[in-house]
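J.: dropping a prediction and its sequence here:
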Amino acid sequence: MNRIGVDIGGTKIAAGVFDDSGALIERFRRDTPRTGSGADVMTAVVELLGQVRQKYPFAAVGLGAKGAISDDGVVLHDGDTLPGWSGTDVAGPIRAAFDVSVAVQNDVRVTTLAEARRGAGRGYPRMLLAALGTGVGGGLIIDERLLLGRHGTAGEIAHLLVNTRGAIPCGCGRFDHLEAVCAGPAIEAEYVRRSGADPDIELPEIAERMRAGDEIARATITDAARVLGAALAGLATAVDVDVLVIGGGVAQIGADFLDPAIAEFRAAALQPIKQIPVLPAALGTDAPLVGAAELVTEV
């Protein structure tokens, strides 16, 4: 029987149909309602799954969603990505509409599961994922299973303390957290602070300037990468992982970001952790769908 993976994002809702081998058969998508109502978002999810079911029968649905998710599939809290999202029951409307098994988890955690099962971390029993985008997130695989912890915070790296003050605060308000230095908006703000560039400049343009010889752009990106490498060295050593995977929009800068991050990781980590593979994420934008479909095998 087919499994369905759903990715509920700030701008789009995507669903992927997977066969028993884990192969992606087809994608479906629609825009995310921006009404400020979590119930409206879930109505759109149910409608999209209705379209899927017209073509593919399914017995289980896994979903990746923004925010901290309770064991019964309710959003406990979230930032500003989806107005009205906190408190939304994600699992309930799907169970009611389709009478299927439903599993829900934070979107970065499902990405972690995807990379461990089908991506860069495949074959490594213990994996740490760092995802760097609009924010910073992470996930842990221990003995081939997604580790959540008693309070659901296992693998959360955004609030690791660093010895650098960011140009903008972390989502929690502090300036000395990893997210305040290594998230995309943090790197953008730091470049603006150093260079006096237009405050609306975005990370891809900063990366282009770096490649064109802008030394301030290169220093800004390199410094953020080094902070990341040092922070992950401590965490990877503490939890004793087999592989470190780095993904998200910031990592898409490529070697100019990853190489200094890896060099700092190897300089800061203890033996033998400093020798573990440090790999770019492999699944790209399909990762949340892949991980959501894998999630149903975890419950």
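T.: Yep, it's here.

J.: who's in contact with residue 41?
T.: 8, 13, 32, 33, 82, 85, 88 (Cβ atoms under 8 Å, 6 or more residues apart in numbering). In this view, the C-beta of every residue, glycine as well, is placed from N, C-alpha and C.

J.: any idea of the mean pLDDT in the strand or helix carrying it?
T.: Element membership for residue 41 (DSSP states H and E) is helix 38-55. The average pLDDT for helix 38-55 rounds to 97.

J.: near the closest residue to residue 242 other than its chain neighbours, how many other residues are there?
T.: Excluding its sequence neighbours, the residue lying closest to residue 242 (Cβ to Cβ, 6 or more residues apart in numbering) is residue 124, at 4.1 Å. Per other Cβ atoms under 10 Å, the neighbour tally for residue 124 reads 20.

J.: residue 228 too?
T.: Based on other Cβ under 10 Å, the number of other residues close to residue 228 is 29.

J.: then residue 256?
T.: By other Cβ under 10 Å, the residues close to residue 256 number 15.

J.: and the closest residue to residue 112 other than its chain neighbours, what are its phi and psi?
T.: Spatial nearest neighbour of residue 112, chain neighbours left out: residue 139 (2.7 Å); criterion: Cβ to Cβ, 6+ apart. In terms of degrees, to the nearest 10, the main-chain angles of residue 139 are phi -160, psi 160.

J.: which residues touch residue 139?
T.: By Cβ under 8 Å, 6+ apart, the contact set of residue 139 is 108, 109, 111, 112, 113, 128, 129, 131, 146, 147, 154, 155.

J.: can you add secondary structure and pLDDT and give the residues you listed back as a markdown table?
T.: As requested, the contacts of residue 139 are arranged in a markdown table below (DSSP: H, G, I helix; E, B strand; the rest coil; pLDDT from 0 to 100):
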| residue | secondary structure | pLDDT |
| --- | --- | --- |
| 108 | helix | 95 |
| 109 | helix | 95 |
| 111 | helix | 97 |
| 112 | helix | 98 |
| 113 | helix | 97 |
| 128 | strand | 98 |
| 129 | strand | 98 |
| 131 | strand | 97 |
| 146 | strand | 95 |
| 147 | strand | 95 |
| 154 | coil | 92 |
| 155 | coil | 92 |
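
J.: which pair of the residues you listed spans the longest distance?
T.: Farthest pair in those (Cβ to Cβ) is 131 and 147. Separation: 15.6 Å.

J.: for those two, indicate the residue with more neighbours.
T.: Neighbour comparison, residue 131 and residue 147: the larger count goes to residue 131, with 26 against 16 (by other Cβ under 10 Å).

J.: gap between the more buried one and residue 196?
T.: 30 Å (Cβ to Cβ, to the nearest Å).

J.: just residue 136 next, same as before
T.: Residue 136 is 26 Å from residue 196, by Cβ to Cβ.

J.: who's more crowded, the two?
T.: The residue with more neighbours, out of residue 136 and residue 196, is residue 136; 29 against 9, by other Cβ under 10 Å.

J.: just list whatever residues bridge to that one.
T.: Beta-bridge partners recorded for residue 136 (DSSP bridges): residue 132.

J.: wait, doesn't it sit right on residue 155?
T.: No. Residue 136 lies out of contact with residue 155 (Cβ atoms under 8 Å); the separation is 11.5 Å.

J.: so residue 27, which state does it fall into?
T.: With DSSP: H, G, I helix; E, B strand; the rest coil as the basis, residue 27 sits in strand.

J.: in JSON lines: the contacts of residue 41, plus distance to residue 295 and secondary structure.
T.: Converted to JSON lines, the contacts of residue 41 look like this (distance: Cβ to Cβ, whole Å; DSSP: H, G, I helix; E, B strand; the rest coil):
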{"residue": "8", "distance to residue 295": "13", "secondary structure": "strand"}
{"residue": "13", "distance to residue 295": "16", "secondary structure": "strand"}
{"residue": "32", "distance to residue 295": "20", "secondary structure": "coil"}
{"residue": "33", "distance to residue 295": "24", "secondary structure": "coil"}
{"residue": "82", "distance to residue 295": "19", "secondary structure": "coil"}
{"residue": "85", "distance to residue 295": "19", "secondary structure": "coil"}
{"residue": "88", "distance to residue 295": "18", "secondary structure": "coil"}
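
J.: lowest-confidence entry in those?
T.: residue 82 (78).

J.: wait, that residue touches residue 11, no?
T.: No. The pair residue 82 and residue 11 does not pass the contact test of Cβ under 8 Å, sitting 9.8 Å apart.

J.: between the two, who's got more neighbours?
T.: Using other Cβ under 10 Å, the more surrounded residue of residue 82 and residue 11 is residue 82, with 24 against 9.
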